[in-house]
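Engineer: turn this into a model:
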Amino acid sequence: MIGFPMAVSAYLLVRLEPLIRELQKSVALLTVVVARQGDVDLEEARAIVEGGVK
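Structural biologist: Numbers count the residues shown, from 1 in each chain. A predicted model of the protein is given here:
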């Protein structure tokens, strides 16, 4: 009874992983763009994204 859900989960993970990586790159790029437009220090923006507000 566990084999089928595991197989479906593995298949979905393999299929969705490239999409998740592309979304991660897009979010990083948008962070840079917004930081530059808002006169925010890029390092400060990166720290906020990675670990929360300073």
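Engineer: which element is the closest residue to residue 27 other than its chain neighbours on?
Structural biologist: Sequence neighbours aside, residue 49 is the residue nearest to residue 27 in space, at 8.0 Å (criterion: CB to CB, 6 or more residues apart in numbering). Using the backbone N, CA and C atoms, a C-beta is placed for each residue, glycine as well. Take DSSP states H and E as the rule and residue 49 turns out to sit in helix 42-51.
Engineer: quick one: that helix to chain centroid distance?
Structural biologist: Distance, stretch centre to chain centre, for helix 42-51: 14 Å (CA atoms, centre = their mean, to the nearest Å).
Engineer: repeat that for stretch 6-26.
Structural biologist: 12 Å.
Engineer: what ranges does the chain have for its strands?
Structural biologist: Assigned by DSSP state E, the chain shows no strands.
Engineer: flag the shaky bits of it, pLDDT-wise.
Structural biologist: Where the chain drops to pLDDT under 70, the residues are 52-54.
Engineer: residue closest to the middle of it?
Structural biologist: With distances taken as CA atoms, centre = their mean, residue 24 lies nearest the centre of the chain, 3.1 Å away.
Engineer: count the residues that sit near residue 48.
Structural biologist: 14 (other CB atoms under 10 Å).
Engineer: and if you look at residue 30?
Structural biologist: So residue 30, with other CB under 10 Å, has 10 neighbours.
Engineer: same question for the one 3 residues further on.
Structural biologist: When counting by other CB under 10 Å, one arrives at 10 neighbours for residue 33.
Engineer: what does residue 42 give?
Structural biologist: Using other CB under 10 Å: residue 42 sits among 11 other residues.
Engineer: I'd like the distance between residue 7 and residue 1.
Structural biologist: Taking CB to CB, to the nearest Å as the measure, residue 7 falls 12 Å from residue 1.
Engineer: those two: which is more packed in?
Structural biologist: The residue with more neighbours, out of residue 7 and residue 1, is residue 7; 10 against 4, by other CB under 10 Å.
Engineer: report the longest helix in the chain, please.
Structural biologist: Under DSSP state H, the helix in the chain containing the largest number of residues is helix 3-37.
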